[in-house]
Structure formats: C-alpha cells, structure tokens
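Peer 1: Model the structure of this input:
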Amino acid sequence: MTTRVQIDHRKAEGPLRGADRHPEKANRPDNPIQRKPDWIRVKAPTSPIYRETHALMRANGLVTVCEEAACPNIGECWSQRHATMMIMGDTCTRACSFCNVATGIPKALDADEPRRVADAVAKLGLQHVVVTSVDRDDLADGGAEHFAQTIRAIRDAAPATTVEILTPDFLRKDGALEVVVAARPDVFNHNLETVPGLYPTIRPGARYYHSLRLLDRVKQLDPSIFTKSGLMVGLGEERIEVLQVMDDLRSAEVDFLTIGQYLQPTVKHAAVERFVTPDEFADYAKAARGKGFLLVSATPLTRSSYHADRDFAALRSAREEQLRAAREAQLRAA
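Peer 2: Numbers count the residues shown, from 1 in each chain. Just a heads-up that it's a prediction; the model follows:
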C-alpha cells in the first residue's frame, strides 16, 4: 500500500507530537501542516527486515537519525538494513527551526558507543555506513574525537565497510576538524541546509560561510576524501539563491550535492512555503551537474543518507572516470 503519511517512529509525546522535545519552540505561533502533494509518497514500513533492523538498534542501545528526524524514507531504508547511526546522544544543543531532533542539555558521552556502533555495522553486514550526530556545543572539541573513535571502531570491526560521516559545523572548535579528517572517513558530509539569507530564521546557531569553509578545509587537508553537502528547498528560497549555493559549493570543490523537499515535523517548526515540483528538482539536478559536481541527487524525498551505499559506488566510479579523462587529455596534449 502506498499512502501520503508523515512517519514518526518514536512514541507520541502529547498533542503537538514532539512539543516536549522542543521547549524552546513552545511559545511560537503554530504553523499548520499542509497536505502533501501526490508526488510525495512513502510506503508504510511492514517488512520483517525493517523490524529486525529496529530490534538491532534497540539491542545495541543506538540512536538513529532515521527515527529522531522522522525521516520519510525509514521504511525503505531499514527494510534494506540501511540505518544512519546518530552518535553522542539524542539531544542537540542547537535549536534549528527545521529539525525534529530534541533540543536541551545533552548527557555525557558514552565511551562504549563507538564499539556498539561498530558491532551493529558488522551484524548488519553493511557495505557502506553513514554516521551522524547531534550538535554538541557543550564539548570542547564538539565531539570530534568521538567521531574519530567511531570511525576507527568501524574500521576494526568491519574493514570492508566504507564510512560516511555527516558532521556538525564544529563552530568555534579549533582543531576539531583536523581530528576527524585524520581518521580518514571515505565521505565527509556537512549540510549547508539552506541559502544564506534564510540562516537567521532556519539555522540561527550556524554561520553559512563557516560551514562552507569547513568543507573547503576538508579538501585542503585530504583531497582523497569525498565531500558532500545537502540543501532543503521549499522554505522560501529563490532559484537564483540555490544556484549561487551550488557555485559556492563548487568553489570549495564539493563532490556530491543532495537536494530534497523540506517537510515540516510539527506545527511549531518552520512552515513549508511551497512544495517544489519534480520537474523543478530535475532542473536543479541538471544545473548542478552542469556546474561540475561528480554526483547529484535531487528529488522531493532525497535526504542526506538516502541510498548512500549506492551513491557512494556511483561517486567512486565518477571520480575514476574523471581521472581517466584527465590522463587521456594529458596524453593527447603531450
């Protein structure tokens, strides 16, 4: 059965379905949630493998962004044993107006978490894993060493698994990025999320140009690491602003761009200004490919880690083709 649904895989938390998770939003005016168009459809999760994946996450005491962010693709991904691990707890120190992850004072880091993540990766038999986290502005290094430990633990437990990380911005955390890059993830993802003009209302705790410099710095530190970033659309941005973000990302040599429709988690979150049509997404994808990204994923249901394993294989092939073409051009010029 295919239905238009908003999936929330956590226990209901009152009439606002998450108001307790976001006390900082309690006094904001309600933004009614719009009915979704026909092109935004997800299948209700019914697969036995979905339930197995869910059970493994609970048995290992793990948090997933799939659940915490109420991702619409969780049924499909978990039915293929693909889950995005969220480390450093389930409580974020930021209060972005688009995000459904709980806001508050986080607990202390769990020193055993990297091992448990690696154990789950090995048990799931993943070819590719995505590890993300909450923002931890309370930590001196923003959680950089915890990321590095998790990467190393996965390498030990599942040497054949490629590792993609989706990190916070490490704002005002000198030296943190270098710690993460030294652990050599295969893909370093940090999402810009939206156009710079919307940062004050959508991502107020972040700084657009800091995030851009973060991605640029990864390439300076280790050009072999693939870099990736993502945008949400439907928040009131203009097409020309999205195209400028693409140019900014290419100036930082970012390899992979994802663009997806923003979906409002609760009435206290930022409103959907409009639903971007599939044709517009196709136009964005064409424009991005023309600007030189190795890989682009732009659809209404695209999310940062959606089809990440398949996309990593395509990303690696695209780089190999790019290098082969460059060698051939050098030979012709010689």
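Peer 1: For the stretch 1-150 of the chain, which segments are assigned as helices?
Peer 2: Taking DSSP state H, counting those that start in this stretch as the criterion, the stretch 1-150 of the chain carries its helices at 48-59, 65-68, 74-78, 113-124, 144-157.
Peer 1: buried ones in the longest one?
Peer 2: The neighbour-count criterion (16 or more other C-beta atoms under 10 Å) identifies 144, 145, 146, 147, 148, 149, 150, 151, 153, 154, 155, 157 as the buried residues of helix 144-157. All C-beta spots, glycine's among them, are computed from the backbone N, C-alpha and C.
Peer 1: Mind putting those residues into TSV with distance to residue 137 and pLDDT?
Peer 2: As requested, these are exported to TSV (distance: C-beta to C-beta, whole Å; pLDDT from 0 to 100):
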residue	distance to residue 137	pLDDT
144	13	98
145	15	98
146	14	98
147	15	98
148	18	98
149	19	98
150	19	98
151	21	98
153	24	98
154	25	97
155	28	98
157	30	97
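Peer 1: Put together JSON lines for the residues you listed, with distance to residue 108 on each row.
Peer 2: Listed next are those as JSON lines, based on distance: C-beta to C-beta, whole Å:
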{"residue": "144", "distance to residue 108": "16"}
{"residue": "145", "distance to residue 108": "14"}
{"residue": "146", "distance to residue 108": "11"}
{"residue": "147", "distance to residue 108": "16"}
{"residue": "148", "distance to residue 108": "18"}
{"residue": "149", "distance to residue 108": "15"}
{"residue": "150", "distance to residue 108": "16"}
{"residue": "151", "distance to residue 108": "21"}
{"residue": "153", "distance to residue 108": "19"}
{"residue": "154", "distance to residue 108": "22"}
{"residue": "155", "distance to residue 108": "25"}
{"residue": "157", "distance to residue 108": "24"}
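Peer 1: picking that back up, in terms of mean pLDDT, which of the helices of the stretch 1-150 of the chain ranks lowest?
Peer 2: Here the lowest mean pLDDT among the helices of the stretch 1-150 of the chain goes to helix 65-68, at a mean of 54.
Peer 1: Give the buried residues for whichever helix or strand residue 327 is part of.
Peer 2: Using DSSP states H and E, residue 327 maps to helix 308-333. Using 16+ other C-beta under 10 Å as the test for burial, helix 308-333 gives 308, 309, 311, 312, 315, 316, 318.
Peer 1: Give the other helices and strands that it contacts.
Peer 2: Where contact means 3 or more C-beta pairs under 8 Å, 6 or more residues apart in numbering; DSSP states H and E, helix 308-333 is packed against strand 128-133, strand 162-166, strand 187-189, strand 226-233, strand 295-298.
Peer 1: Can you give me the buried ones in stretch 288-302?
Peer 2: 288, 293, 294, 295, 296, 297, 298, 299, 300, 301, 302.
Peer 1: so how far is the first residue of that stretch from its last?
Peer 2: One end of stretch 288-302 sits 15 Å from the other (C-alpha to C-alpha, to the nearest Å).
Peer 1: Same question for stretch 150-169.
Peer 2: Start-to-end, stretch 150-169 (C-alpha to C-alpha) is 18 Å.
Peer 1: for stretch 156-167, same thing?
Peer 2: The first and final residues of stretch 156-167 sit 21 Å from each other (C-alpha to C-alpha).
Peer 1: Other residues contacting it?
Peer 2: Where contact means C-beta atoms under 8 Å, 6 or more residues apart in numbering, the residues beyond stretch 156-167 that reach it are 65, 84, 115, 118-119, 121-122, 126-133, 147, 151, 154-155, 180, 185-191, 228, 304-305, 308, 312.
Peer 1: Nothing else from me, thank you.
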